[in-house]
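Colleague: Give the three-dimensional model of this entry:
(chains A and B)
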Amino acid sequence: MVNQASQPFGMGDPAEKEKVKAILSTVCDPEIPVLSVEDLGVIRGIEVSGNQVSIQLTPTYSGCPAMDTISDDIKSALKSAGYEPKIEMVLSPAWSTDWISQDGRKKMEAYGIAPPLEPLPDKLALLHDQKVVKCTRCGSKNTRLISQFGSTACKALFQCDDCHEPFDYFKCLK
Amino acid sequence: MNYQYLLLLADNPLILGHRLSELCGHGPTLETDIALTNIALDLFGQVRNYCQYAAELHGEGKTEDQVAFLRYEHEYRNVLLTEQPNHDFAWVIGRQYLFDAYHLPLLTQLSDSKDSRLAGIAMKSIKEVRYHHRFSSEWVKRLGGGTEESHQRMQAAMDQLWSYTGELFLETEDEKAMKEAGVGADYGKMRPHFDADVQQVFHEAGLVIPEGPWHRTIGKNGVHSENLGYILADLQYMQRTYPNMEW
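Modeller: Numbering: from 1, shown residues only, chains lettered A, B, ... in the order given. Reported below is the predicted structural model:
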């Protein structure tokens, strides 16, 4: 392996980065196991130098208990692949639901969690009982809010009035 | 950055979060129970960000847990509002709303702090606190405009809690120094936002904004009501009994 220690931090072989990205795409959110950390948009930087990998990670919510698990899972996945991982938690810029990938949104919906809407419809759904959130089971918009806060900090609880299925809605955070 | 200023910022969400966590399993409905504990979780996340910063600033191997758990009562800098015990739901909502109405403009100001780490924490927290404010202000309106009983309880809670709001905007020496350094918040600029928010929400809720007098004791200076002692007995038990324990 080429010694890259003399290279300034921030550089790195793009092919090596892709390898690390492929490993990260196997690390999932423990609360929403269909989403990888890449889908979730919490990886803010990857630096590779030889077998040293530095990952910048950002939390979804400040108090999200999944972040420590995610950090440990990333470390162990990279270690198994022969890397020496280092994880740095960064807060700025703050995570936004806009960073969830298109692919991630589809996986989320298939899993039974309605993906986040834009801020205005989000507010109408959460505060003014407007029927804008689509049921993940039958696709109807005849849905209503059960609780602004759900099973985790990032979600609200809804119910469909057509098929009667309760489901989670991933709240917009911008 | 001033270590004491970080404690001032950390201790309000820490103590209020603790009060909210006491409601876990005791909320009036499942939905409000989950909401209040979710808010507590967000607040604790914010506390960790401040305490990690404070621990690094302090040096000498200080950890975030030591900052949060191992101080004496007079070393806690939270305002008296946050240590008020839980009574009925109107009281819990009133305490939360008054804090949120202060917390939002505080974080807005801190987002422009010259201290980039503090600004980062504030910009992260404000997104969460917008949800808290939505929740608490909507409930103030619902209870204020609800039944005769809920209205009476909401007004009674506000009449009591209001006397603790004066302290929110009293400036300590540390806060003054940080304001002048462009790091901390400027209460003079924050106050109109708080007042406008309160006026609008009380108006929509059909509530009367109480008038002074305010409590003269200042939690920010470490002078607390007896409530804090009981909170700390709970909060610190594990760290005092099993020093340096980790989950």
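Colleague: Only C-alpha atoms from now on, for both contacts and neighbour counts.
Modeller: Will do.
Colleague: now the residue of chain A found nearest chain B: how far from residue B:91?
Modeller: Relative to chain B, the nearest point of chain A is residue A:63 (3.4 Å; Cα to the nearest Cα). For residue A:63, the distance to residue B:91 (Cα to Cα, to the nearest Å) stands at 25 Å.
Colleague: what's the burial count for the closest residue to the residue of chain A closest to chain B other than its chain neighbours?
Modeller: Of all residues not flanking residue A:63 in the chain, residue B:45 sits nearest, at 3.4 Å (Cα to Cα, 6 or more residues apart in numbering or on different chains). The burial count assigned to residue B:45 is 22, neighbours taken as other Cα atoms under 10 Å in any protein chain shown.
Colleague: ok, now which ones touch residue B:45?
Modeller: A:61, A:62, A:63, A:64 (Cα atoms under 8 Å, 6 or more residues apart in numbering or on different chains).
Colleague: hmm, try it at 10 Å
Modeller: Contact analysis of residue B:45 by Cα atoms under 10 Å, 6 or more residues apart in numbering or on different chains lists A:59, A:61, A:62, A:63, A:64, A:65, B:13, B:14, B:17, B:39, B:51, B:125.
Colleague: State whether the first one and residue B:124 are indeed in contact, as I suppose.
Modeller: Yes: using Cα atoms under 10 Å, residue A:59 is in contact with residue B:124, at 9.1 Å.
Colleague: overlap in contacts of those two?
Modeller: Common contacts of residue A:59 and residue B:124 (Cα under 10 Å, 6+ apart): A:91, A:92, A:94, A:95, A:96.
Colleague: Give me the subset of those that also touch chain B.
Modeller: Near chain B, judged by Cα under 10 Å from any Cα of the partner chain, the entries from the shared contacts of residue A:59 and residue B:124 are A:91, A:92, A:94, A:95, A:96.
Colleague: which other residues reach the helix or strand hosting residue B:174?
Modeller: In this structure, residue B:174 is located in helix B:173-180 according to DSSP states H and E. For helix B:173-180, contacts defined as Cα under 10 Å, 6+ apart pick out B:1-6, B:8, B:110, B:113, B:170-172, B:181-187, B:220-221.
Colleague: Residue B:199 belongs to a helix?
Modeller: Yes: Residue B:199 forms part of a helix when assessed by DSSP: H, G, I helix; E, B strand; the rest coil.
Colleague: Quick one: distance of stretch B:139-157 to the chain centre.
Modeller: 22 Å (Cα atoms, centre = their mean, to the nearest Å).
Colleague: got the buried residues for it?
Modeller: Neighbour-count burial for stretch B:139-157, counted by 16 or more other Cα atoms under 10 Å in any protein chain shown, picks out B:139-146, B:150-157.
Colleague: From start to finish, how long is it in a straight line?
Modeller: Distance between the two ends of stretch B:139-157: 13 Å, counting by Cα to Cα.
Colleague: what is the rounded mean pLDDT of it?
Modeller: Averaged over stretch B:139-157, pLDDT sits at 98.
Colleague: ok so, going back, with respect to residue A:30, which of the ones next to chain B among the shared contacts of residue A:59 and residue B:124 is nearest?
Modeller: residue A:95 (17.9 Å; Cα to Cα).
Colleague: Contact partners for the nearest residue to the closest one once chain neighbours are set aside?
Modeller: Excluding the flanking residues, the one nearest residue A:95 by Cα to Cα, 6+ apart is residue A:60, at 5.7 Å. By Cα under 10 Å, 6+ apart, residue A:60 lies in contact with A:40-42, A:66-67, A:91, A:94-97, A:153-154, A:173, B:124.
Colleague: before we move on, the earlier item: number of residues surrounding the residue of chain A closest to chain B?
Modeller: Residue A:63, neighbours per other Cα under 10 Å, totals 23.
Colleague: got the phi/psi numbers for residue A:47?
Modeller: phi -120, psi 130 (degrees, to the nearest 10).
Colleague: if I read this right, it contacts residue A:19, doesn't it?
Modeller: No: contact between residue A:47 and residue A:19 fails when scored by Cα under 10 Å: they sit 11.7 Å apart.
Colleague: Have a look at those two and say which one is more surrounded.
Modeller: residue A:47 (21 against 12).
Colleague: For the more buried one, name its beta-bridge partners.
Modeller: With DSSP bridges as the criterion, residue A:47 is bridged to residue A:54.
Colleague: Reformat the ones next to chain B among the shared contacts of residue A:59 and residue B:124 into CSV and put secondary structure and neighbour count next to each item.
Modeller: Shown next, in CSV, are these (DSSP: H, G, I helix; E, B strand; the rest coil; neighbours: other Cα atoms under 10 Å in any protein chain shown):
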residue, secondary structure, neighbour count
A:91, coil, 25
A:92, coil, 18
A:94, coil, 22
A:95, coil, 26
A:96, coil, 18
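Colleague: For the helix or strand of chain A with the lowest mean pLDDT, enumerate the helices and strands it packs against.
Modeller: Across the helices and strands of chain A, mean confidence by mean pLDDT, DSSP states H and E is lowest for helix A:119-127: a mean of 87. Applying 3 or more Cα pairs under 10 Å, 6 or more residues apart in numbering or on different chains; DSSP states H and E, we find helix A:119-127 packed against strand A:143-147, strand A:155-160, strand A:166-170, helix B:116-144.
Colleague: Quick one: work out the angle between that helix and strand A:143-147.
Modeller: Put simply, helix A:119-127 runs at 70 degrees to strand A:143-147, going by axes from the mean of the first three to the mean of the last three Cα atoms, to 10 degrees.
Colleague: Now do helix A:119-127 and strand A:155-160, the angle between them.
Modeller: Going by the same axes, to 10 degrees, helix A:119-127 makes 70 degrees with strand A:155-160.
Colleague: those helices in chain B, which residues are they?
Modeller: B:3-21, B:30-58, B:64-69, B:80-83, B:89-110, B:116-144, B:148-161, B:173-180, B:187-205, B:227-235, B:237-241 (DSSP state H).
Colleague: again but with chain A, I slipped
Modeller: Along chain A, counting by DSSP H, helices occupy A:14-24, A:37-40, A:66-80, A:102-111, A:119-127.
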